[in-house]
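K.L.:
My questions concern the predicted model and sequence given below.
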Amino acid sequence: MIPLETHGLTKHYGSLCAVDHLDLSIGNEIFGLLGPNGSGKTTTVLMLTTLLKPTKGSATVFGHDVEREAQEVRNLISYVPQDMAVDIKLTGRENVAFFAKLYGIPRRDETIDRVLWMMDLSERADDLVRTYSGGMRRRLELAQALVHEPKALFLDEPTIGLDVAARKKIWEHIRILKSRGMTVFVTTHYMDEAEHYCDRVAILDHGLVAAVESPSRLKGMLGKDLISARMSGRIGGNLPEGIECLGGKEDGEFVFSSEHASEKVPTLFRWLEEQGAVIHSLSVREPTFDDVFLALVGTGDEATGFDDRKFRTMLRRR
Amino acid sequence: MRDIFYYFERDMLRWLRGRFSVVSALVMPAAWLIFVGLALPTTFTENYIDFITPGILVLTMLGASLQGGSLLIFDKILGFLNKFLALPSSRESILLGKILFITIRGLIQATVIMLLALILGASFLNPASLALTYGILAILGVLLSSFSTAIALSLSDHDAYAAFNSMVSMPLFFTSSALMPYAVMPAWLSSIAYWNPVSYAIDAIRALQGGVLAWSRIGALALLSVVVVCISIRQFRKATL
């Protein structure tokens, strides 16, 4: 049975289309839903977790329809929203016990001890959550989500606002859960995390899926090397033969791709100077997942005069 | 049914651990009792503290219940509600647990105020009618807390809820029979006060002071709270898919 499937899943808020005909099929894997803020990630999760009615289309969780068999779906899943909603006036144990009671699980105390131990919270279990760090609170939410041994886990931005060490720890826990047979559906806008920990990712842009692939294959689409330029001044016009622009990043970096990147550097340099740009640096580097994102989605705020949309449609065709 | 208790238990634990809010909610009704109950020169009664105590008990329930809606607002804003809604347990128990907690909390606060009234010299009830008084206060609590949760469900932020609360609570109190008998009210006020649901509870408790069971007032109160609970449940279902 396929853990998660969507068919033309669509959500309109009035005239705004938040999610547009989403077709996904997700197995026992860590599946990342990526996209900039407002791209429809949370809306998708809310529909899959029976919290929001789709406008059109359908979604099933282990064969159960999220609308018609919502109760069955809720029995199989756990949902951790991005808000970090734990009761700070209760202890860690009390927070988990509350969920264990609501799930009506047998042998409650054992289970609570086990999930707290799994999330490395045993030692601090009886302290008030007020004294927990952000990473601990997030792990506590995971512990809550695990008390009924769900088959699918939905995490909305699980590492938002956490420091690097805490993020790493959360992801390691997620990996262990997956290895135990759990399907993990996670949204994030941290590219590096998606690259390292997700088996497959879907890139969402304005409610549309721009790509569904493993992170390494997505990166492979960009070729071996990229040219990175830091410059100022306005530029426009047609790029020299064989060079394409992926777009400009928020930090002022412009990224170009080419078959033989290092050989094209002089050409690009001359062309940019002719355009009247002031070049601060020009270098060749390996593509990162950020570049994939830039190529597929862009930055939203187009800082460049190039028509990088042309490149994007090309990449999709490939 | 059990789920209702678990949601209730959560709110209760949180409330009891927030020491400041446990005490602060009592200050206003206590101030009314002391500064108005003991100090107001009245002509219609020899013992104003006896007269005003039912009104202040109801005021305590009124404040506690209307403030209770903000619990639901916070659960909504902070993401708790979505977590609860994704659970397989019955969704209505989230709402019913809130109504139960808000009502019980109001009764606990009313008990403290009642003890204070007794210390201040009120001698208004015998043990048998005390139980009935609690019953009436509980019905009022259910009515007002389902009203406030229904409003909370339709508002999106806490500021709006606080504005609603301050807009509603004092007018409800002043247009009730809490502070003076119908006989001394101006005609326009007495007709408003008579139909104010808050007065149903006050009048019923006052009747108990004289050893009378005011069934019509209690019945009206109970009927109204059943209606409002149903409206609140409907609102809740609508707000959550």
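P.N.:
Arrived safely, thanks for sending.

K.L.:
neighbours of residue A:232, just the number please.
P.N.:
Applying other C-beta atoms under 10 Å in any protein chain shown, we find 10 residues neighbouring residue A:232. Bear in mind the C-beta positions are built from the backbone N, C-alpha and C, glycine included.

K.L.:
Not counting sequence-adjacent ones, nearest residue to it?
P.N.:
Distances taken as C-beta to C-beta, 6 or more residues apart in numbering or on different chains place residue A:278 nearest to residue A:232, at 5.0 Å, with adjacent residues excluded.

K.L.:
measure that neighbour to residue A:229 for me?
P.N.:
Noted for residue A:278: a distance of 11 Å to residue A:229, by C-beta to C-beta, to the nearest Å.

K.L.:
quick one: pLDDT of residue A:36?
P.N.:
In the prediction, the pLDDT value recorded for residue A:36 is 82.

K.L.:
What does it show for phi and psi?
P.N.:
phi -70, psi 170 (degrees, to the nearest 10).

K.L.:
got any ranges where chain A has weak pLDDT?
P.N.:
Under the criterion pLDDT under 70, the flagged ranges of chain A are A:234-236, A:299-318.

K.L.:
Longest helix in the chain, please.
P.N.:
Just going to use chain A. The helix spanning the most residues in chain A, taking DSSP state H as the definition, is helix A:164-179.

K.L.:
wrong one, I was asking about chain B
P.N.:
Under DSSP H, chain B gives helix B:48-77 as its longest helix.

K.L.:
Can you list the buried residues in that helix?
P.N.:
B:48-73, B:75-76 (16 or more other C-beta atoms under 10 Å in any protein chain shown).

K.L.:
likewise stretch B:1-19?
P.N.:
Neighbour-count burial for stretch B:1-19 [16+ other C-beta under 10 Å]: B:3-15.

K.L.:
Roughly how far does the residue nearest to residue B:44 when sequence neighbours are not counted sit from residue A:108?
P.N.:
Nearest non-adjacent residue to residue B:44, counting by C-beta to C-beta, 6+ apart: residue B:184, 5.2 Å away. Separation of residue B:184 from residue A:108 (C-beta to C-beta): 59 Å.

K.L.:
State the mean pLDDT of stretch B:55-66.
P.N.:
The model assigns stretch B:55-66 a mean pLDDT of 94.

K.L.:
List, one by one, the residues from chain B near chain A.
P.N.:
Contact residues (C-beta under 8 Å from any C-beta of the partner chain) of chain B with chain A: B:2-3, B:6-7, B:9-10, B:13-14, B:17-18, B:78-80, B:82-89, B:240-241.

K.L.:
Show me these that map onto helices.
P.N.:
Those of the residues of chain B next to chain A lying in helices (DSSP H): B:2-3, B:6-7, B:9-10, B:13-14, B:17, B:80, B:82-85.

K.L.:
Is it possible to get a markdown table of the residues you listed that adds pLDDT?
P.N.:
Shown next, in a markdown table, are these (pLDDT from 0 to 100):
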| residue | pLDDT |
| --- | --- |
| B:2 | 90 |
| B:3 | 94 |
| B:6 | 96 |
| B:7 | 96 |
| B:9 | 96 |
| B:10 | 96 |
| B:13 | 94 |
| B:14 | 94 |
| B:17 | 91 |
| B:80 | 94 |
| B:82 | 92 |
| B:83 | 94 |
| B:84 | 94 |
| B:85 | 93 |
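
K.L.:
elements contacting the lowest-mean-pLDDT helix or strand in chain B?
P.N.:
Least confident helix or strand, chain B: helix B:19-31 with a mean of 86, by mean pLDDT, DSSP states H and E. Packing contacts for helix B:19-31, counted by 3 or more C-beta pairs under 8 Å, 6 or more residues apart in numbering or on different chains; DSSP states H and E, involve helix B:2-17, helix B:48-77, helix B:92-119.

K.L.:
Counting by contacts, list what the second one packs against.
P.N.:
Packed against helix B:48-77, as judged by 3+ C-beta pairs under 8 Å, 6+ apart, are the following elements: helix B:19-31, helix B:80-85, helix B:92-119, helix B:127-154, helix B:158-174, helix B:197-209.

K.L.:
what's the burial count for the spatially closest residue to residue B:68 that is not a sequence neighbour?
P.N.:
Distance criterion C-beta to C-beta, 6+ apart; nearest residue to residue B:68, sequence neighbours excluded, is residue B:102 at 3.3 Å. Here the number of neighbours of residue B:102 (other C-beta under 10 Å) works out to 29.

K.L.:
Quick one: residues contacting residue B:102.
P.N.:
The contact partners of residue B:102, by C-beta atoms under 8 Å, 6 or more residues apart in numbering or on different chains, come to B:64-65, B:68, B:71, B:141, B:145, B:148-149.

K.L.:
farthest-separated two in the residues you listed?
P.N.:
Largest separation among the contacts of residue B:102 by C-beta to C-beta: B:71 and B:141, giving 13.8 Å.

K.L.:
Report the distance from the strand or helix carrying residue A:268 to the chain centre.
P.N.:
Using DSSP states H and E, residue A:268 falls within helix A:261-274. Distance, stretch centre to chain centre, for helix A:261-274: 35 Å (C-alpha atoms, centre = their mean, to the nearest Å).

K.L.:
Could you say which helix or strand holds residue A:45?
P.N.:
helix A:41-48.

K.L.:
Just the buried residues of the helix or strand just after that helix, please?
P.N.:
The C-terminal neighbour of helix A:41-48 among helices and strands, as given by DSSP H and E, is strand A:56-61. Going by neighbour count (16+ other C-beta under 10 Å), the buried part of strand A:56-61 is A:57-61.

K.L.:
out of the residues you listed, which one sits closest to chain B?
P.N.:
residue A:61 (11.6 Å; C-beta to the nearest C-beta).

K.L.:
Surely the closest one touches residue A:76?
P.N.:
Yes: the criterion here is C-beta atoms under 8 Å, and residue A:61 meets it with residue A:76 at 5.9 Å.

K.L.:
which residues do the two both contact?
P.N.:
Joint contacts of residue A:61 and residue A:76 (C-beta under 8 Å, 6+ apart) are residue A:152.

K.L.:
neighbours of residue A:176, just the number please.
P.N.:
11.

K.L.:
how close does it sit to residue B:140?
P.N.:
Between residue A:176 and residue B:140 the computed distance is 52 Å (C-beta to C-beta).

K.L.:
One more: residue B:23?
P.N.:
Taken as C-beta to C-beta, the span from residue B:23 to residue B:140 is 23 Å.

K.L.:
who's more crowded, these two?
P.N.:
residue B:140 (30 against 10).

K.L.:
show me what contacts the closest residue to residue A:199 other than its chain neighbours?
P.N.:
Beyond its immediate neighbours in the sequence, the residue positioned closest to residue A:199 (C-beta to C-beta, 6+ apart) is residue A:29, lying 3.9 Å away. By C-beta under 8 Å, 6+ apart, the residues touching residue A:29 are A:178, A:183-184, A:199-200.

K.L.:
repeat that for 7 Å
P.N.:
A:178, A:183, A:199-200 (C-beta atoms under 7 Å, 6 or more residues apart in numbering or on different chains).

K.L.:
Closest one of those to chain B?
P.N.:
Lowest distance from chain B to the contacts of residue A:29 (C-beta to the nearest C-beta) belongs to residue A:183, with 15.5 Å.
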